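J.: Below is the structure, and that's it, no one-letter string:
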Ligand SMILES: Nc1ncnc2c1ncn2[C@@H]1O[C@H](COP(=O)(O)OP(=O)(O)OP(=O)(O)O)[C@@H](O)[C@H]1O
């Protein structure tokens with residue numbers, strides 16, 4: 001008996017792992033703000049990020065895959081070698097126990113040395129016996145899956161099969177070949193198998209064990225291979241010919257007719273002679289039609305014969321005979337006699353094999369293509385009839401199978417030539433040709449559908465691990481707080497003689513909605529008018545009264561919670577509602593008062609206006625929208641145009657320029673911060689819009705969805721300028737700033753885009769701190785039906801954004817009102833912090849992108865061109881040079897300076913300034929400010945003037 005491996009008695013018990021402490025909110029904050037955080041905390045955080053990165057790195061997985069594959073190979077060799085060397089090595093392993101691996105003196109026979117012998121011994125002897133080979137399969141599956149980054153086999157399923165397989169196989173082998181009972185020493189079932197088998201034997205006896213193993217084994221096989229059990233059919237029916245082979249679709253019900261005669265297989269020679277194989281699978285008409293129409297799927301036999309291919313495996317190996325029929329017989333004989341003629345019982349016209357060697361070869365060839373065979377020793381019967389006008393047929397007849405002769409065509413009656421009439425056939429209507437479909441080679445439309453994401457096929461969408469959970473997601477409710485608020489509401493209303501029938505509360509993340517049903521006869525407007533009084537008596541900021549709640553017939557009083565919960569972006573994006581959303585541009589904005597997620601489609605909004613006083617959550621809201629889109633869309637489907645006059649808010653997105661950003665050609669930075677460039681970009685977007693409309697018109701599509709569908713189905717020719725159109729989302733932060741500096745020049749293209757761009761996939765998101773009427777003008781408002789208001793400073797501002805008050809009563813920190821689809825909903829905006837956005841951007845930027853940003857059309861300012869191109873030196877004012885010098889000396893492009901110093905009238909000074917601008921000496925007019933002077937010194941000016949002439 002082999003010695004047992006001594007148990008390690010003094011092994012220290014493993015220390016229980018400390019449970020992972022949820023990170024306190026204060027820690028998260030510290031992590032974000034290094035100034036406040038201690039050095040130690042910061043280090044921890046960096047380490048955890050590195051580990052996470054490592055786990056996400058595909059190279060890590062490839063290395064694990066390689067190791068798994070090597071493991072599979074190692075185990076396989078060790079096991080196979082063990083099968084032959086176990087006797088030699090077993091004693092050495094058992095007797096040397098712990099020292100076996102270390103002692104260099106021990107020599108073993110296993111191909112993989114001591115390690116191989118030890119591993120194989122461990123798995124086979126101590127483990128599962130021969131069934132241990134299944135471990136190789138497991139490592140192979142893991143290795144292949146990780147290395148090829150594909151789910152070639154499901155690891156989980158294999159794990160299940162292997163676990164059960166190990167147990168069942170080892171027990172069965174131990175039961176059938178017990179290593180201790182019959183003198184075998186080879187551990188077929190391993191120790192585990194032996195143990196279970198012994199136990200079963202004692203528990204249910206040998207017969208019971210055998211029955212159990214049989215049942216379990218069969219069940220396992222059924223589970224793994226799911227075989228189909230069928231009783232043998234009574235009468236085999238000829239199988240239908242695959243449509244792909246014949247080109248014919250079976251007539252409805254045809255294949256089911258029980259007693260339909262076995263159809264013939266007809267082979268027709270080009271010359272007109274027929275070879276019939278009976279019974280084949282096409283009926284005569286079909287076969288002839290196929291021949292007449294020269295169906296493209298007819299096969300060409302050797303020797304210039306064309307065949308209607310048919311297949312029927314049931315005749316495989318049936319011997320054939322060759323029969324010849326003479327022309328005369330064929331012409332004279334009536335159909336029934338002809339049938340008789342073809343019967344195998346009349347062998348007087350039998351031909352020997354060598355008489356028709358070519359035909360036999362061709363028939364053999366054709367039959368071989370369909371896995372049928374002519375037995376070389378048996379004669380083949382073929383009836384041969386020469387071509388028309390004396391029609392001929394050669395039939396290969398299978399003995400003992402019903403034979404149907406080919407019906408001969410009636411000879412056409414001869415009509416006197418003079419009586420011949422000219423039949424004028426109407427021309428077939430001409431096929432309409434769609435010139436947009438590329439007709440080259442196989443045909444553009446026949447290719448597989450175009451998939452825009454294939455350009456960056458390896459692109460991986462960001463995962464939710466990049467985001468954090470901020471604070472507690474649970475909405476806590478304090479019953480005392482609820483009760484107090486309820487009593488307060490009832491007593492306040494009581495002061496004004498307002499009785500209520502019922503009161504209920506819905507607890508949201510930031511506010512609780514108390515819904516009251518007033519007693520009969522109470523006027524709703526009275527409650528509405530008492531809004532401020534109720535707020536005062538509840539002593540809470542942010543009370544909003546909704547009287548009545550649309551569609552509910554109740555009155556709502558929203559009261560802020562004492563303890564507010566943060567809605568993490570991670571929760572929003574990990575939700576089924578967002579992940580499974582089929583919206584075109586889904587944006588997860590926040591949670592409603594009833595804690596339901598608010599996910600909307602930017603494509604249907606179709607533009608969004610956001611306003612809110614500073615520090616109330618506007619930037620976080622913008623990030624939440626951008627992050628939602630980044631999580632859902634592929635770079636080929638979406639492009640952002642980002643305008644950020646503040647230069648700091650959106651700059652984190654600059655790293656994803658090659659994936660998701662669009663810019664003007666020749667620009668260095670994709671994120672636009674300069675007003676002049678904003679104007680050019682907006683105009684370029686207008687050109688893009690016009691171009692897209694042209695494309696849609698040509699394609700006969702009404703919107704981008706229809707257009708892209710047509711394009712992906714390859715019904716639009718890329719050579720005619722058609723291309724897959726990504727959505728473009730224009731985001732403008734600090735819109736007020738832009739309007740202040742560029743006014744109409746910005747407003748006009750934005751209004752145009754807002755009015756027209758929805759159908760062609762350009763959507764606008766505009767954010768502003770100052771929602772005054774001169775910034776959010778009527779034109780802008782009319783085209784932005786979806787609006788978000790964070791807390792604003794006055795009721796007037798709230799009206800400017802939402803057309804109603806309420807936003808001034810919000811409590812900040814992402815508390816917001818959204819006006820969408822004609823409804824006003826209070827939401828708690830999802831929170832996503834800057835480091836999270838950075839991580840998402842890095843994750844995207846680390847992947848392969850396009851060679852450059854998506855290029856918008858070039859925009860040339862015609863006015864600039866005019867001004868610059870118009871300068872005519874012959875036309876210039878006599879005082880032009882003096883004025884130029886004056887401006888350069890003073891470095892101030894001001895008309896009044898010219899007016900005052902040169903004592904000129906306003907008009908002449910203005911004209912001079914225009915000429916200076918056209919000559920490129922001063923910049924364009926920028927409102928009330930002085931123009932920019934483009935030359936610093938007089939010498940530079942003189943050089944420039946000499947060039948102007
Ligand atoms: N949805 C939210 N949930 C929780 N806290 C929030 C939320 N949104 C904003 N906050 C808090 O409010 C602070 C200010 O938010 P944010 O930077 O978005 O304001 P803002 O309106 O963009 O200000 P500004 O206009 O000055 O840029 C954030 O740092 C955060 O602490």
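T.: The structure has been received and is ready for your questions. As the structure is a prediction and not an experimental result, all values here were calculated from the model.
J.: For the ligand, what's its nearest residue on the protein.
T.: Nearest residue of the chain to the ligand: residue 814, at 2.2 Å (C-beta to the nearest ligand atom). To be clear about C-beta, it is placed using only N, CA and C from the backbone, and glycine gets the same treatment.
J.: tell me the contacts of that residue?
T.: Shown in contact with residue 814 (C-beta atoms under 8 Å, 6 or more residues apart in numbering): 510, 567, 590, 616-617, 620-621, 790, 828-831.
J.: Mind listing residues that contact stretch 886-899?
T.: 883, 901-902, 904-906, 909-910, 912-913, 916, 921-923, 930-933, 935-938, 941.
J.: So for it, what gets flagged as buried?
T.: By 16 or more other C-beta atoms under 10 Å, the buried positions in stretch 886-899 come out as 886-888, 893-895, 897-899.
J.: related to what we said a few turns ago, flag the least confident of the contacts of residue 814.
T.: pLDDT is lowest at residue 510 among the contacts of residue 814; the value there is 88.
J.: what about that residue, neighbour count?
T.: Residue neighbour count, defined by other C-beta atoms under 10 Å, stands at 29 for residue 510.
J.: Check residue 815 too.
T.: 27.
J.: list the contacts for the closest residue to it other than its chain neighbours?
T.: Using C-beta to C-beta, 6 or more residues apart in numbering and skipping the chain neighbours, the partner closest in space to residue 815 is residue 510 (5.3 Å). Going by C-beta under 8 Å, 6+ apart, residue 510 touches 560-561, 564-565, 811, 813-815, 828.
J.: repeat for residue 932
T.: Contacts for residue 932 were tallied using C-beta under 8 Å, 6+ apart; they are 893, 922-923, 926.
J.: just to revisit the earlier point, and the residue nearest to residue 815, how far from residue 798?
T.: 18 Å (C-beta to C-beta, to the nearest Å).
J.: related to what we said a few turns ago, so which of the contacts of residue 814 belong to strands?
T.: With strands taken from DSSP state E, the overlap with the contacts of residue 814 comprises 590, 828-829.
J.: Helices along the stretch 601-750 of the chain, start to end?
T.: Under the criterion DSSP state H, counting those that start in this stretch, helices of the stretch 601-750 of the chain are mapped to 618-632, 657-660, 675-699, 704-712, 735-742, 744-756.
J.: Taking helix 675-699 as reference, get the angle to the fifth one.
T.: Put simply, helix 735-742 runs at 100 degrees to helix 675-699, going by axes from the mean of the first three to the mean of the last three C-alpha atoms, to 10 degrees.
J.: close to the ligand, is helix 735-742?
T.: No. Interface with the ligand: helix 735-742 contributes nothing (C-beta under 6 Å from any ligand atom), its closest point being 10.6 Å away.
J.: what does the chain put close to the ligand?
T.: For the chain, the residues in contact with the ligand (C-beta under 6 Å from any ligand atom) are 566, 612, 614-620, 769, 813-814, 829, 831.
J.: Give me the buried entries from these.
T.: Neighbour counting with 16+ other C-beta under 10 Å marks 566, 612, 616-620, 769, 813-814, 829, 831 as buried within the residues of the chain next to the ligand.
J.: now, which of the buried residues of stretch 886-899 lie within helices?
T.: If you go by DSSP state H, these have 886-888, 895, 897-899 in helices.
J.: Can you add pLDDT and give those back as JSON lines?
T.: Formatted as JSON lines, these follow (pLDDT from 0 to 100):
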{"residue": "886", "pLDDT": "90"}
{"residue": "887", "pLDDT": "91"}
{"residue": "888", "pLDDT": "91"}
{"residue": "895", "pLDDT": "85"}
{"residue": "897", "pLDDT": "85"}
{"residue": "898", "pLDDT": "87"}
{"residue": "899", "pLDDT": "79"}
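J.: Could you dump those into JSON lines and include distance to residue 94?
T.: Output for these, formatted as JSON lines (distance: C-beta to C-beta, whole Å):
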{"residue": "886", "distance to residue 94": "107"}
{"residue": "887", "distance to residue 94": "103"}
{"residue": "888", "distance to residue 94": "101"}
{"residue": "895", "distance to residue 94": "106"}
{"residue": "897", "distance to residue 94": "106"}
{"residue": "898", "distance to residue 94": "108"}
{"residue": "899", "distance to residue 94": "111"}
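J.: of all the residues of the chain next to the ligand, which two lie farthest apart?
T.: Based on C-beta to C-beta, the longest span within the residues of the chain next to the ligand runs between 566 and 769 and measures 22.9 Å.
J.: quick one, phi/psi of the closest residue to residue 877 other than its chain neighbours?
T.: Residue nearest to residue 877 in three dimensions, not counting chain neighbours: residue 912, with 5.4 Å by C-beta to C-beta, 6+ apart. Residue 912 adopts backbone torsions of phi -60, psi -40, taken as degrees, to the nearest 10.
J.: Please give me every residue in contact with residue 912.
T.: Shown in contact with residue 912 (C-beta under 8 Å, 6+ apart): 877, 879-880, 883, 895, 898, 904.
J.: Counting by contacts, list what the helix or strand encompassing residue 943 packs against.
T.: For residue 943, the host element (DSSP states H and E) is helix 938-948. With contacts taken as 3 or more C-beta pairs under 8 Å, 6 or more residues apart in numbering; DSSP states H and E, helix 938-948 sits against helix 880-890.
J.: before we move on, back to that, name the nearest of the contacts of residue 932 relative to residue 642.
T.: Nearest member of the contacts of residue 932 to residue 642, counting by C-beta to C-beta, is residue 926, at 23.7 Å.
J.: give the contact list for the closest one.
T.: Counting by C-beta under 8 Å, 6+ apart, residue 926 has contacts 741, 932.
J.: Repeat that for residue 917.
T.: Residue 917 touches 867, 923-925, 931, counting by C-beta under 8 Å, 6+ apart.
J.: Double-check residue 902 against residue 884; I have them as touching.
T.: No. Here residue 902 lies out of contact with residue 884, judged by C-beta atoms under 8 Å, at a distance of 11.5 Å.
J.: of those two, who's got more company?
T.: residue 884 (25 against 14).
J.: Count residues in the vicinity of the spatially closest residue to residue 843 that is not a sequence neighbour, would you?
T.: Once flanking residues are discounted, residue 843 sits nearest to residue 462: 5.0 Å by C-beta to C-beta, 6+ apart. Residues near residue 462, counting by other C-beta under 10 Å, number 19.
J.: doesn't residue 630 make contact with residue 462?
T.: Yes. At 6.3 Å, residue 462 and residue 630 qualify as touching, with contact defined as C-beta under 8 Å.
J.: Between those two, which contacts overlap?
T.: Common neighbours of residue 462 and residue 630, using C-beta under 8 Å, 6+ apart, are 840, 844.
J.: Beyond the helix or strand containing residue 162, next helix or strand please.
T.: Assigned by DSSP H and E, residue 162 belongs to helix 155-176. Next helix or strand after helix 155-176 toward the C-terminus (DSSP H and E): helix 190-225.
J.: What's the local residue count around residue 698?
T.: When neighbours are counted by other C-beta under 10 Å, residue 698 registers 15.
J.: sorry, that was for residue 859
T.: 19.
J.: Next one, pLDDT for it please.
T.: At residue 859, the model reports a pLDDT of 81.
J.: Check residue 9 too.
T.: Looking at residue 9, its pLDDT reads 35.
J.: got the contact list for residue 220?
T.: Each residue near residue 220 by C-beta under 8 Å, 6+ apart is listed here: 164-165, 168.
J.: got the phi/psi numbers for residue 771?
T.: Torsion angles at residue 771 (phi, psi; degrees, to the nearest 10) stand at phi -90, psi 50.
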